[in-house]
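**Student:** What follows is a predicted protein model with its sequence.
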Amino acid sequence: MSEDKMNKAFDRLKSSFSTIRTGRANPEVLSKIMVEYYGSMVPIKQITSISVPEPMVLLLTLFDKGAAKAVEKAIQTSDLGLNPQIDGAVIRLRFPDLTEDRRKELVKQIKKMSEESKVALRNIRRDEIESLKADKSMAEDMSKKMQEDIQKHTDHFTKLVDQLTADKEAEIMKI
């Protein structure tokens with residue numbers, strides 16, 4: 001039970017890390033962008049096909065050419081700092097090189113996300129251990145064994161978070 005919850009917390013961190021721009025074109029950076037399309041907000045991935053023709057370029061092919069201005073506006077108002085170039089039903093997004101200051105800012109951001117994930121793991125551990133202690137029908141030695149297992153899961157996922165953070169930091173700082 002605790003392992004499933006911890007795995008979900010780790011998956012959320014991986015998902016969050018994938019949306020951080022690292023200087024290479026990655027379609028996941030667009031995953032949080034919502035576009036106003038015929039009066040409702042839809043994810044950009046529902047109205048475009050996204051490809052990576054070059055390492056520093058994303059190519060968005062619109063399913064509906066009329067949505068070009070809405071997609072352009074959504075990208076410009078996002079925090080990505082990208083300037084879309086529209087050519088009919090195709091939008092090009094060229095990723096500029098990251099400055100050293102921006103890289104350091106992104107590293108701070110991922111470390112903050114990493115710490116939040118570790119806090120979530122510790123909260124899961126605390127809740128699970130408290131529920132074990134509250135269960136009076138369980139034998140004390142069985143309860144201790146289960147608490148040790150929960151601690152092992154916590155340690156395992158904490159190491160995974162640290163490794164993922166180190167990998168992402170190296171990816172961001174790589175020029």
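**Tutor:** All right, it came through fine.
**Student:** Regarding residue 68, what is its secondary structure?
**Tutor:** helix (DSSP: H, G, I helix; E, B strand; the rest coil).
**Student:** what's the closest non-adjacent residue to it?
**Tutor:** Spatial nearest neighbour of residue 68, chain neighbours left out: residue 86 (5.2 Å); criterion: Cβ to Cβ, 6 or more residues apart in numbering. (C-beta placed from N, C-alpha, C; glycine too.)
**Student:** just residue 91 next, same as before
**Tutor:** Distances taken as Cβ to Cβ, 6+ apart place residue 60 nearest to residue 91, at 4.2 Å, with adjacent residues excluded.
**Student:** where does the chain dip in pLDDT?
**Tutor:** 21-23, 175 (pLDDT under 70).
**Student:** what sits opposite the residue lying closest to residue 85 once chain neighbours are set aside in the beta ladder?
**Tutor:** Spatial nearest neighbour of residue 85, excluding adjacent residues (Cβ to Cβ, 6+ apart): residue 92 at 4.5 Å. Beta bridges link residue 92 to residue 59, residue 85, judged by DSSP bridges.
**Student:** ok, now which ones touch residue 92?
**Tutor:** The contact partners of residue 92, by Cβ atoms under 8 Å, 6 or more residues apart in numbering, come to 57, 58, 59, 60, 84, 85.
**Student:** could you redo the last one with a cut-off of 7 Å?
**Tutor:** 57, 59, 85 (Cβ atoms under 7 Å, 6 or more residues apart in numbering).
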